[in-house]
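J.: Sequence and predicted structure below; questions after.
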Amino acid sequence: MGLSDEQVDYIENLLKENGLSYPPLLEDLLDHVCCAVESKMDDGTAFQVAIKEVLNAFGKDGIEKLQVQTLHLLNQKKQLMKRLSLLTLSVLLFTVTYIFAFPIDPPNSSPLKGNAKITAEFGMTFNKLKAQNQFHEGIDFKVPLGTPVYATGNGVVTEIQSKSTGYGHMIVIKHDDHFESLYAHLSEILIQEGEEIKAGQLIAKVGNSGASLSPHLHYEVKKQGKKINPRDYLTP
Amino acid sequence: MIAKELFKGTIKTIVLKLLSDQGKMYGYEICQKVKELSDGELMLTEGALYPMLHKMESEGLLKIEKVNIGKRVRKYYKLTRTGKKEFGLKIEEFNNFIQTMKLILNPSINQSI
């Protein structure tokens, strides 16, 4: 047997009087109580008696407690979500700040601005001077004496060395917290230690200084202190 | 009657099972079904059921289908895809629990194996 609209309204008001205010729960309990009342009325109980019995079954303040418990459970979930999204946000913020504070800008332009012949690659090569296989820590470009050498990225000159052995006349430029570039066997150095350098700036001329048999540029790239293959960043 | 504490931890599993079998059910129907299936041993009260339904909905396990019945709304609860997955997990978890409890309560069976 179905309840009349007036009876449904009456029950809804009773539920509200009992402290039920959360709409989704009110919908649930209104239907629930109506079903329970209908069931009792089918067994011959009068509406007023039936509704009283059904509401009494909730116990004292039962409806209010039910609502408190529902909202409590939902809030726990919301609190957790809030905490999680705050965490995500702060991680994101940190990453963005980090990227801006420590930009990764590898030296990636060509030190000779043009197609220079590479005569020795990075890796195991035969060293003509020592007549043995050796790990070559950079790449060699064979170019005429005096060919201009350009900085491969923005940075600061951190080291200038002039020796008759090894690298000979040499420049080290520090680009950022990750990268350094090195230019060796130069004939002329056109910059000072500590000077700020722009990518593509003329810094030196190719030479034959140090352990070198003929004019060439020896070029190295260090990433976080470790020598890597400069080809990984050279744009042809 | 089964102890309240024991029952409390299983309400979620029961709801998942019923909805998995029946497709969709409304609150009052769930209460009646539990009573019927358990021969009156289990009384799932409104106070226990509805907070759980709302929690499960907020967790994405259930979705709602509303049907107007005169002046009132009947809310049918259905399992979402996540809810179906959760049901499988809960059943497994519950069976493991039963097995473990048996081992603890009847160690002699365990030894004879």
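T.: Arrived safely.
J.: three-state assignment of the residue positioned nearest the centre of chain A?
T.: Among the residues of chain A, the one closest to the centroid is residue A:95, at 5.3 Å (Cα atoms, centre = their mean). Here residue A:95 is recorded as helix under DSSP: H, G, I helix; E, B strand; the rest coil.
J.: May I have the secondary structure class of the most far-flung residue of chain A relative to its centre?
T.: In chain A, the residue that sits farthest from the middle, by Cα atoms, centre = their mean, is residue A:44; the gap is 69.3 Å. For residue A:44, the secondary structure call by three-state DSSP comes out as coil.
J.: repeat for the one 4 residues further on
T.: Following three-state DSSP, we place residue A:48 in the helix state.
J.: Distance of it relative to residue A:37?
T.: 10 Å (Cβ to Cβ, to the nearest Å). Bear in mind the C-beta positions are built from the backbone N, C-alpha and C, glycine included.
J.: cool, residue A:142 as well?
T.: Counting by Cβ to Cβ - residue A:142 and residue A:37 are separated by 99 Å.
J.: More neighbours: which of these two?
T.: The neighbour comparison of residue A:142 against residue A:37 (other Cβ atoms under 10 Å in any protein chain shown) goes to residue A:37, with 25 against 15.
J.: All the helices of chain A, in order from the start?
T.: A:5-17, A:23-42, A:47-57, A:62-101 (DSSP state H).
J.: got a list of what the residue nearest in space to the middle of chain B touches?
T.: Nearest residue to the geometric centre of chain B (Cα atoms, centre = their mean): residue B:14, 1.8 Å. Counting by Cβ atoms under 8 Å, 6 or more residues apart in numbering or on different chains, residue B:14 touches B:34, B:44.
J.: so which helix or strand takes in it?
T.: helix B:11-22 (DSSP states H and E).
J.: Just after that helix, pick out the following helix or strand.
T.: Counting by DSSP H and E, what follows helix B:11-22 is strand B:24-26.
J.: Tell me which other helices or strands that next one touches.
T.: strand B:72-79 (3 or more Cβ pairs under 8 Å, 6 or more residues apart in numbering or on different chains; DSSP states H and E).
J.: Give me the average confidence score over the strand it packs on.
T.: For strand B:72-79, mean pLDDT is 96.
J.: do stretch A:124-137 as well
T.: 81.
J.: what's in contact with it?
T.: By Cβ under 8 Å, 6+ apart, stretch A:124-137 touches A:120, A:121, A:122, A:123, A:211, A:213, A:220, A:227.
J.: Return the list of strands paired to the helix or strand bottoming out on mean pLDDT in chain A, each annotated with direction.
T.: Taking mean pLDDT, DSSP states H and E as the measure, chain A has strand A:123-127 as its least confident helix or strand, at a mean of 81. Paired neighbours of strand A:123-127 in the sheet (DSSP bridges): strand A:132-136 (antiparallel).
J.: can I have the strand it pairs with written out in PDB, keeping just the CAs?
T.: What follows is strand A:132-136 as a C-alpha-only set of coordinates in PDB (Å, rounded to 0.1, in the frame of the first residue of the first chain):
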ATOM      1  CA  GLN A 132      98.800   3.200 -27.500                       C
ATOM      2  CA  ASN A 133      95.000   2.900 -27.100                       C
ATOM      3  CA  GLN A 134      93.600   5.400 -24.700                       C
ATOM      4  CA  PHE A 135      90.300   6.800 -23.500                       C
ATOM      5  CA  HIS A 136      89.700  10.000 -25.300                       C
END
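J.: and it, which residues are buried?
T.: residue A:136 (16 or more other Cβ atoms under 10 Å in any protein chain shown).
J.: Tell me the pLDDT of residue 33.
T.: Using chain A here. Value listed for residue A:33 in the pLDDT field: 94.
J.: meant chain B, my bad for not saying
T.: 94.
J.: wouldn't it be in contact with residue B:25 here?
T.: Yes. The pair formed by residue B:33 and residue B:25 meets the contact definition of Cβ atoms under 8 Å, at 7.1 Å.
J.: which residues do those two both contact?
T.: residue B:18.
J.: neighbour-wise, which of these two wins?
T.: The residue with more neighbours, out of residue B:33 and residue B:25, is residue B:25; 19 against 16, by other Cβ under 10 Å.
J.: which ones are touching the more buried one?
T.: Going by Cβ under 8 Å, 6+ apart, the list of residues near residue B:25 reads B:18, B:19, B:33, B:76, B:77.
J.: Just give me the longest helix of chain B.
T.: helix B:81-105.
J.: mind checking how far residue A:149 is from residue A:185?
T.: 10 Å.
J.: what do those two both touch?
T.: Contacts common to residue A:149 and residue A:185, judged by Cβ under 8 Å, 6+ apart, are A:206, A:217.
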